[in-house]
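Chemist: Requesting a structural model of the entry that follows:
(one chain, ligands or ions: 2)
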Amino acid sequence: MIKWFRKGEDTDSANKHQLEKKEQKGLFSKLKSGLQKTRKQLSSKLDSLIKGKTVIDEELYEELEEMLITCDVGVDATLQLIDRLKSEIKLQKIENPQELYHILQREIATILDISSSPLDPTTHKPFVVMVVGVNGVGKTTTIAKLAHFWKSQGFKPLLVAGDTFRAAAIDQLTLWAEKIGVPIVKQRAGADPAAVAYDALDSAIAKKLDIVIIDTAGRMHTKTNLMEELKKIRRVIAKKVPDAPHETLLVLDATTGQNAISQTKMFKENTDISGIILTKLDGTAKGGIVIGICHEFQIPVRFIGIGEGLEDLRPFDPEAFAKALLETDNDE
Ligand SMILES: Nc1nc2c(ncn2[C@@H]2O[C@H](COP(=O)(O)OP(=O)(O)OP(=O)(O)O)[C@@H](O)[C@H]2O)c(=O)[nH]1
Ligand SMILES: [Mg+2]
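Modeler: Ligands and ions are numbered 1, 2, ... in the order given. Below you'll find the model as predicted:
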């Protein structure tokens, strides 16, 4: 289970435990329904692959390999998965193809479990989070979900309208801030995003706010290079808060499949990315892309988006995710 960082402590621990158990169960079924399209693709293919097979042979491995590749897991990650599967099956002397389900689940969870320092907003005050990604991937919506999530954990977040290239982007974030009930720092469209972010840090320090979440543009209307702009924001905010940003989250749209891989490459080459948020997993059967991304970049997935609502963000839990991907409906 992943660790959730909450501010302060609840007093009644038995009650808290019960509540958390209920919460986890509810979250898991929402995760499962969010991943329905991907799960259907993976599980139904695996079902028909295993059905009627009595032995685990080379043919089965080849079919499994093909299946994983068509589910957007990616060639490299697939080959690694098959290798690990083979040695596990040999080691445990497994003969029944039905057991592939659980072994595959475990091996997927291992790939997804990137060792890294956790995203812990209590480590700095204010804790500065920069959110980057190409246009339309879900940055602004995800920022709203994050603010809502952290607010519910007892933190005081501040939103920063750092996408100043479109007035509509500032309005969109303003509406979210009002809806969630959190403050926002913004300037007029066309303002320097680095200056907006700098002001926001001033404000967060003055008001003793906990988390500053900076929205950024995904596309430039001017000749300014997007990556240069992001670097400038980083330079300027580090002048105010020396270690900032403490977390740089790359937002990727899962429906774009392999495109998400090339976006990660591009951002990684230009800026420090400490975590990934994969959005729109509810709208796609390409959820296998998470496995490919974790395998290739070794950047932890921090959260996943499984819908357009404020509640549709989940802290990423490798085990729960692998389980939700490969659990059949009668497994419950
Ligand atoms: N189904 C679904 N839709 C999502 C999710 N996250 C975001 N969206 C939708 O994706 C669309 C784009 O979201 P935005 O948050 O505006 O994306 P953005 O990256 O800020 O876009 P730009 O500011 O234009 O670069 C919106 O219609 C969101 O409601 C998700 O997890 N699931
Ligand atoms: Mg936006």
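Chemist: For the closest residue to ligand 2 within the stretch 101-250 of the chain, list the residues it contacts.
Modeler: Residue nearest to ligand 2 within the stretch 101-250 of the chain (C-beta to the ion): T140, separated by 3.3 Å. For every residue, glycine as well, the C-beta is placed using N, CA and C. Contact analysis of T140 by C-beta atoms under 8 Å, 6 or more residues apart in numbering lists 163, 169, 172-173, 176, 215.
Chemist: who wins for neighbours among those residues?
Modeler: D215 (29 neighbours; other C-beta atoms under 10 Å).
Chemist: contacting residues around T54?
Modeler: P97.
Chemist: Please list all residues in contact with the most centrally placed residue in the chain.
Modeler: When C-alpha atoms, centre = their mean is applied to the chain, the residue found nearest the centroid is I277 (2.5 Å). The neighbours of I277, taking C-beta under 8 Å, 6+ apart as the test, are 131, 138, 142, 249-252, 301-305, 313.
Chemist: Please apply the same query to R219.
Modeler: Taking C-beta under 8 Å, 6+ apart as the test, what R219 contacts is 134-135, 165, 226.
Chemist: if we can go back for a sec, now the two most distant members of the contacts of T140.
Modeler: Spatial extent of the contacts of T140 (C-beta to C-beta) is set by the pair D163 and W176 at 12.6 Å.
Chemist: Now stretch 62-82 - C-alpha only, PDB.
Modeler: The C-alpha coordinates for stretch 62-82 follow below in PDB (Å, rounded to 0.1, in the frame of the first residue of the first chain):
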ATOM      1  CA  GLU A  62       4.700 -16.000 -28.000                       C
ATOM      2  CA  GLU A  63       1.000 -15.300 -27.900                       C
ATOM      3  CA  LEU A  64       1.300 -13.500 -24.600                       C
ATOM      4  CA  GLU A  65       4.200 -11.400 -26.000                       C
ATOM      5  CA  GLU A  66       2.000 -10.400 -28.900                       C
ATOM      6  CA  MET A  67      -0.900  -9.600 -26.600                       C
ATOM      7  CA  LEU A  68       1.100  -7.300 -24.400                       C
ATOM      8  CA  ILE A  69       2.600  -5.400 -27.300                       C
ATOM      9  CA  THR A  70      -0.800  -4.800 -28.800                       C
ATOM     10  CA  CYS A  71      -1.900  -3.500 -25.400                       C
ATOM     11  CA  ASP A  72       0.600  -0.700 -25.600                       C
ATOM     12  CA  VAL A  73       3.000  -2.200 -23.000                       C
ATOM     13  CA  GLY A  74       5.900  -1.600 -25.400                       C
ATOM     14  CA  VAL A  75       8.400  -4.000 -26.900                       C
ATOM     15  CA  ASP A  76      11.100  -3.700 -24.300                       C
ATOM     16  CA  ALA A  77       8.900  -3.900 -21.300                       C
ATOM     17  CA  THR A  78       7.100  -6.900 -22.800                       C
ATOM     18  CA  LEU A  79      10.300  -8.800 -23.400                       C
ATOM     19  CA  GLN A  80      11.400  -8.100 -19.800                       C
ATOM     20  CA  LEU A  81       8.000  -9.300 -18.500                       C
ATOM     21  CA  ILE A  82       8.100 -12.500 -20.500                       C
END
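Chemist: mind listing what's buried in that stretch?
Modeler: For stretch 62-82, a neighbour-count test (16 or more other C-beta atoms under 10 Å) marks 63-65, 67-69, 71-74, 77-78, 80-82 as buried.
Chemist: Show me which residues of the stretch 151-300 of the chain sit near ligand 2.
Modeler: A169 (C-beta under 5 Å from the ion).
Chemist: and the residue of the stretch 151-300 of the chain found nearest ligand 1, what does it touch?
Modeler: In the stretch 151-300 of the chain, the residue that lies nearest ligand 1 is G218 (2.9 Å; C-beta to the nearest ligand atom). Residues in contact with G218 (C-beta under 8 Å, 6+ apart) are 133-137, 139, 163, 226.
Chemist: Please, which helix or strand holds R314?
Modeler: Using DSSP states H and E, R314 sits within strand 313-315.
Chemist: Report the rounded mean pLDDT for that strand.
Modeler: On average, the pLDDT along strand 313-315 is 93.
Chemist: Use 25 as the first number for this chain going forward.
Modeler: I'll keep to 25 as the first residue from here, and by that count the last item is strand 337-339.
Chemist: Which elements pack onto that strand?
Modeler: When contacts are defined as 3 or more C-beta pairs under 8 Å, 6 or more residues apart in numbering; DSSP states H and E, strand 337-339 packs onto helix 37-58, helix 163-176, strand 325-329.
Chemist: Of all those, which one comes closest to K232?
Modeler: Closest approach to K232 among the helices and strands packed on strand 337-339 (C-beta to C-beta): helix 163-176, 15.1 Å.
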